[in-house]
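# Give me a 3D structure for the following:
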Amino acid sequence: MRALKIIFGILSLGLVVFIGYNLATAGFFGADDIMNFMREVVYLPEGTSFILACLILISGIILLACNGKRVAGGEIVAGILYLIAAIVGVVRASGDQMTLIYTGICLLFGLVMLIGHFVSRSRTLKRGMINREQFTGQIPIVPDPVGNAQQEAPAKKEKRTKKDKSAMREKPAKNDKPAKSGKHAKK
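Got it, this is the predicted structure:
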């Protein structure tokens, strides 16, 4: 699932660049002020592509940001945003072929992210890598390296304070000189 998140995140960012290029060549970003731009977003078919590009960009960033971490929420949020983009594309598509293509890509990415998340979660639970209590964060459990038996996690070592460290490194008093050895030692 980790490789899939990287691939979908990079493809999403590439798709946003492609949509932005298509919108720029169509003259979508030529509005004089913000009100004209908002009017174009609401009423023109290219506005749908702009909304899709924003949702795809957010999803791609979420996928890439949550990639290395063991965060299950990133896949779910990205999948839901892809599906919202697909719904917006279906509802607002007015015969624009490119918008329908973007909508299909969003639908595919959203379904793959959500199904992949739940399939990988159930595989993890079935394989016995973790049990339900550990998955929900209630009991920390570590698998036994010898067998399949589960044992509780070892207790953490207590950190030593500065006083403990200084007591271990006590220096001898100045009057206590170590005995000399060799030629100069007194006999």
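# any idea which helix or strand carries Leu81?
Secondary structure assignment for Leu81, by DSSP states H and E: helix 73-92.
# Counting by contacts, list what that helix packs against.
Judged by 3 or more Cβ pairs under 8 Å, 6 or more residues apart in numbering; DSSP states H and E, helix 73-92 is in contact with helix 2-25, helix 45-65, helix 97-126. C-beta coordinates here come from the backbone N, C-alpha and C atoms, glycine included.
# again, only this time at 6 Å
helix 45-65, helix 97-126 (3 or more Cβ pairs under 6 Å, 6 or more residues apart in numbering; DSSP states H and E).
# Could you identify which of these has the lowest mean pLDDT?
Of all the helices and strands packed on helix 73-92, helix 97-126 carries the lowest average pLDDT, namely a mean of 85.
# So, low pLDDT: which residues of this structure?
Within the chain, the stretches with pLDDT under 70 are 30-34, 68-72, 123-187.
# most tightly surrounded among the helices and strands packed on helix 73-92?
Highest mean neighbour count among these (mean count of other Cβ atoms under 10 Å): helix 45-65, with a mean of 21.
# tell me which residues in the helix holding Leu81 are buried?
Judged by neighbour count (16 or more other Cβ atoms under 10 Å), helix 73-92 contains these buried residues: 74-79, 81-86, 88-89, 92.
# which one of the residues you listed sits closest to Leu100?
Nearest to Leu100 among the buried residues of helix 73-92: Gly89, at 7.0 Å, using Cβ to Cβ.
# give the contact list for Pro63.
Residue 63: Leu, not Pro. Neighbouring residues of Leu63 by Cβ atoms under 6 Å, 6 or more residues apart in numbering: Lys5, Phe8, Gly9, Ala78.
# let's see it at 8 Å
If a contact means Cβ atoms under 8 Å, 6 or more residues apart in numbering, then Leu63 has Lys5, Ile6, Phe8, Gly9, Ser12, Gly74, Glu75, Ala78, Met113 as its contacts.
# show me what contacts the residue nearest to the fifth one when sequence neighbours are not counted?
When the adjacent residues along the chain are set aside, Ser12 lies closest to Gly60, with 2.9 Å between them (Cβ to Cβ, 6 or more residues apart in numbering). Listed by Cβ under 8 Å, 6+ apart, the contact partners of Gly60 are Phe8, Gly9, Ile10, Leu11, Ser12, Leu13, Leu15, Val16, Ala78.
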